[in-house]
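**Student:** Predicted model and sequence follow; I will ask about them next.
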Amino acid sequence: RIALLAPFSGDFGEAGREIANGAAIALFEAPENAAEIIAFDTNADAAKTREALEHAVGARADLVIGPLFGANAAAVAPDLEAANLIALTFSNDGSIAGPRIAVMGRAVQAEATRIIRQAAADGAHTIAVFGKADPVGLAAAAQAEREAAATTGLAVRPILYAADASYTDIARNVKRLIDAGGRDLARASNAERLEAQLNAAPDPAETLTRLAAGRVGPERDLLQDLAGLYGQMTQGGANRPSALNAVVARYRTAGGLGSGGVDAVLLTIGGAELSTVAPMFQLYDADTAGVRLLGLSNWSEMDPARARELHGGRFPAEPYSDAFDIKYEAAFGAAPSELAGVAYDAVKLALASSGAGAARPTPMAALAAAGDVQGARGLVRISTVGIALRPLEVLEMQATGLLPIDPARIVDPARPPLTAPPRPAGS
């Protein structure tokens, strides 16, 4: 018995109806399952959410789907504990996930983990997290620091500004981040690390080519030139030590890699603010300094042809499937919202964890043990820390469109990287 807590009245009534529709489709597709859904109106209000939960407990619900807002879900966590119930909330706020609350929305923690691990695999060794000191920025910074703690050779620099910070102050922070004042100091250290890495490499040219693939702008060109130089010298009869010495000397002359030790910047902002702040990195020559911009899935809302300030930047995105859209439109005569898809996913997970002999009420462990289920857009599962995980691909923003960089796969923030990336040059 599933209790659906959603706002069926008030300002968010339409969202509640979308949620109910998505849940109904999931239940309709499982006629062999004896589960039932009982809906309770929360009016998107904390007090009414608590009342709705009381009614759900009285109705002997085995699992709660909802409420809409994370703050309301967090407020009833003690009530969930007292009733021994789990709630699958529609929130994106992964920070509220816990023993009694699973977050079904697109949690920042999952997206930040995906793009940070990709950047590290591409050779980034220092990643700045730049944005507002809001729930998204704080969550991304905290997850980045957890990734750094679990990954050898990866460092993180959180730079979060107050919500009322002026654009002058934000620009000043960008300039400090990209400032090349420390380049001379870093150059010798970077060159030493590159030399050590190439000395240890079976094929220095291949290593240089791989490093180049993970860089942008002049930095990529420099590494490609060095790979060509090494190949030309060895093919011309020079021995390995002589060729390596020439490569490192050219590297030192060119100024080394990066600027101030930062290889990438994860921007946690979106919308109009992203369109205002991202050009500041262009203004201070981030790409010339070899600093790549990274983002979250909200970049998919940007028009690649117009978002010139993001060209060369990378972000995670869930591959889009229209199968759910087709089913929803056939049933309800309109395109579904994202919330309808999340409700569909939540019911699918609930049903997958409610087989014969399953514990009642449904425990969090049963939801996690259900593994991958087919959701609205693709596979979805619940991590052991209560966050919905979906396959995320990594895309690069280019003038001609979005370039696939890494195929879609599920990355669990609760699990450390399978292997730590090699410590790259400039680290």
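**Tutor:** Thanks, I have it.
**Student:** Just give me the residue closest to the centre of the protein.
**Tutor:** residue 111 (0.9 Å; Cα atoms, centre = their mean).
**Student:** What's the first helix or strand after the lowest-mean-pLDDT helix or strand in the chain?
**Tutor:** Every helix and strand of the chain was ranked by mean pLDDT, DSSP states H and E. The lowest is helix 183-200, at a mean of 69. Per DSSP states H and E, the first helix or strand lying C-terminal to helix 183-200 is helix 204-213.
**Student:** buried sites along that next one?
**Tutor:** By neighbour count on 16 or more other Cβ atoms under 10 Å, the buried set for helix 204-213 is 204, 205, 207, 208, 209, 210, 211, 212. For every residue, glycine as well, the C-beta is placed using N, CA and C.
**Student:** Export those residues as TSV, with columns for distance to residue 124 and pLDDT.
**Tutor:** Formatted as TSV, the buried residues of helix 204-213 follow (distance: Cβ to Cβ, whole Å; pLDDT from 0 to 100):
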residue	distance to residue 124	pLDDT
204	21	93
205	22	93
207	16	91
208	16	91
209	17	91
210	13	87
211	11	82
212	14	79
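**Student:** now the stretch 151-300 of the chain, which segments are flagged as low pLDDT?
**Tutor:** Applying pLDDT under 70 to the stretch 151-300 of the chain flags residues 180-190, 215-219, 253-261.
**Student:** Show me where it has its strands.
**Tutor:** Assignment of strands within the stretch 151-300 of the chain using DSSP state E, counting those that start in this stretch yields the ranges 155-161, 264-267, 292-294.
**Student:** Show me the one of the ones you listed that comes nearest residue 77.
**Tutor:** Judged by Cβ to Cβ, the one of those that comes nearest to residue 77 is strand 155-161, at 26.3 Å.
**Student:** which strands and helices sit next to that closest one?
**Tutor:** Counting contacts by 3 or more Cβ pairs under 8 Å, 6 or more residues apart in numbering; DSSP states H and E, strand 155-161 packs against strand 126-132, helix 135-150, helix 167-178.
**Student:** mind checking which of these is nearest residue 59?
**Tutor:** Using Cβ to Cβ, the nearest of these to residue 59 is helix 135-150, at 32.3 Å.
**Student:** And that closest one, what's buried?
**Tutor:** Buried residues in helix 135-150 (16+ other Cβ under 10 Å): 135-144, 146-148.
**Student:** what's next to it, contact-wise?
**Tutor:** Contacts to helix 135-150, defined as Cβ atoms under 8 Å, 6 or more residues apart in numbering, come from residues 93-95, 107-109, 112-113, 116-117, 120, 127, 129, 131, 154-156, 158, 160, 266, 268-269, 296, 413, 416-417.
**Student:** for the record, mean pLDDT for stretch 413-427?
**Tutor:** Stretch 413-427 comes out with an average pLDDT of 55.
**Student:** hang on, the earlier thing: packing partners of whichever helix or strand the residue nearest to the centre of the chain is part of?
**Tutor:** For residue 111, the host element (DSSP H and E) is helix 108-121. Helices and strands touching helix 108-121, by 3+ Cβ pairs under 8 Å, 6+ apart, are strand 126-132, helix 135-150, strand 264-267, strand 292-294, strand 314-317, strand 392-398.
**Student:** what's around residue 272, how many residues?
**Tutor:** By the criterion of other Cβ atoms under 10 Å, residue 272 has 8 neighbours.
**Student:** likewise residue 318?
**Tutor:** Residue 318: 18 neighbours (other Cβ under 10 Å).
**Student:** just residue 220 next, same as before
**Tutor:** 18.
**Student:** residue contacts, it?
**Tutor:** Contacts of residue 220 (Cβ under 8 Å, 6+ apart): 212, 213.
**Student:** Against residue 226, how distant is it?
**Tutor:** The gap separating residue 220 from residue 226 is 11 Å, by Cβ to Cβ, to the nearest Å.
**Student:** How about residue 242?
**Tutor:** For residue 242 relative to residue 226 (Cβ to Cβ), the value is 14 Å.
**Student:** Of the two, give the one with the bigger neighbour count.
**Tutor:** Of the pair residue 242 and residue 226, residue 226 is the one with more neighbours under other Cβ under 10 Å, namely 25 against 12.
**Student:** hmm, back to that, of the contacts of helix 135-150, grab the buried ones for PyMOL.
**Tutor:** Selection of buried members from those for PyMOL, criterion 16+ other Cβ under 10 Å:
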select buried, resi 93+94+95+107+108+109+112+113+116+117+120+127+129+131+154+155+156+158+160+266+268+269+296+413+417
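**Student:** any chance you could read off phi and psi for residue 364?
**Tutor:** phi -60, psi -40 (degrees, to the nearest 10).
**Student:** Appreciated, that's everything.
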